[in-house]
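**Q** Build me a model from this:
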Amino acid sequence: MSFRDPRVSAWEKKLESIFDDIDHDMEDRYGDKYPLHPSRPERGATSNPSADGLFDLGAAFSAGFGSQHGRGYTVSIRLSTLARVPPDIMEKIEQEVVELLHERLPGAFPGRDLRVERDGHSFKIIGDLSLG
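**A** Here you go, the predicted structure:
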């Protein structure tokens with residue numbers, strides 16, 4: 001039995017939907033550029049876009065201890081390949097994901113001040129995370 005607030009579940013479901021859409025966009029752009037990890041299913045083989053194909057995108061809540069931005073959702077951008085992805089290409093991919101987040105967050109969470117900021121070596125969704 002879970003005591004999780006249903007408003008948190010609904011908020012995170014919207015966020016997951018954004019990442020699923022971005023995953024599809026990034027697969028279209030880069031899915032054929034690097035070989036998949038041998039244990040990774042092909043794109044579309046599962047019902048969860050983060051579980052197949054080249055990209056594993058998502059976010060997890062962080063209370064923000066030790067962070068310059070405080071609480072928020074830490075963005076995870078991973079490529080499932082054994083190939084070496086050059087740092088400049090990885091940086092380009094990260095920037096594209098961040099740009100897509102900037103575009104899609106207002107539509108999913110209208111009227112909220114949500115931003116994506118660099119937080120150390122990663123990115124974080126910060127701002128109005130209120131539930132109601």
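
**Q** what about the residue most central in space within the chain, which SS state?
**A** Geometric centre of the chain, nearest residue: Gly58, 3.1 Å, by CA atoms, centre = their mean. Put simply, Gly58 is strand when judged by DSSP: H, G, I helix; E, B strand; the rest coil.

**Q** Please tell me how far it sits from Asp32.
**A** Gly58 sits 22 Å away from Asp32, going by CB to CB, to the nearest Å. Every C-beta, even on glycine, is put in place using the N, C-alpha and C of the backbone.

**Q** Could you do Glu103 as well?
**A** Counting by CB to CB, the gap from Glu103 to Asp32 is 24 Å.

**Q** Would you map the strands across this protein?
**A** 55-62, 72-79, 114-119, 122-127 (DSSP state E).

**Q** I'd say Pro38 and Ala83 touch.
**A** No. Using CB atoms under 8 Å, Pro38 makes no contact with Ala83, being 11.6 Å away.

**Q** So for those two, which residue has more residues nearby?
**A** Ala83 (12 against 8; other CB atoms under 10 Å).

**Q** OK, contacts around the more buried one?
**A** Neighbouring residues of Ala83 by CB atoms under 8 Å, 6 or more residues apart in numbering: Tyr34, Pro35.

**Q** need the helices for this structure, in chain order.
**A** Per DSSP state H, the chain carries helices over the ranges 6-30, 87-108.

**Q** So for Gly44, which of the ones you listed sits nearest?
**A** helix 6-30 (8.9 Å; CB to CB).

**Q** orientation of the closest one relative to strand 114-119 in degrees?
**A** Calculated by axes from the mean of the first three to the mean of the last three CA atoms, to 10 degrees, helix 6-30 forms an angle of 70 degrees with strand 114-119.

**Q** Mind giving me the packing neighbours of helix 6-30?
**A** Counting contacts by 3 or more CB pairs under 8 Å, 6 or more residues apart in numbering; DSSP states H and E, helix 6-30 packs against strand 55-62, helix 87-108.
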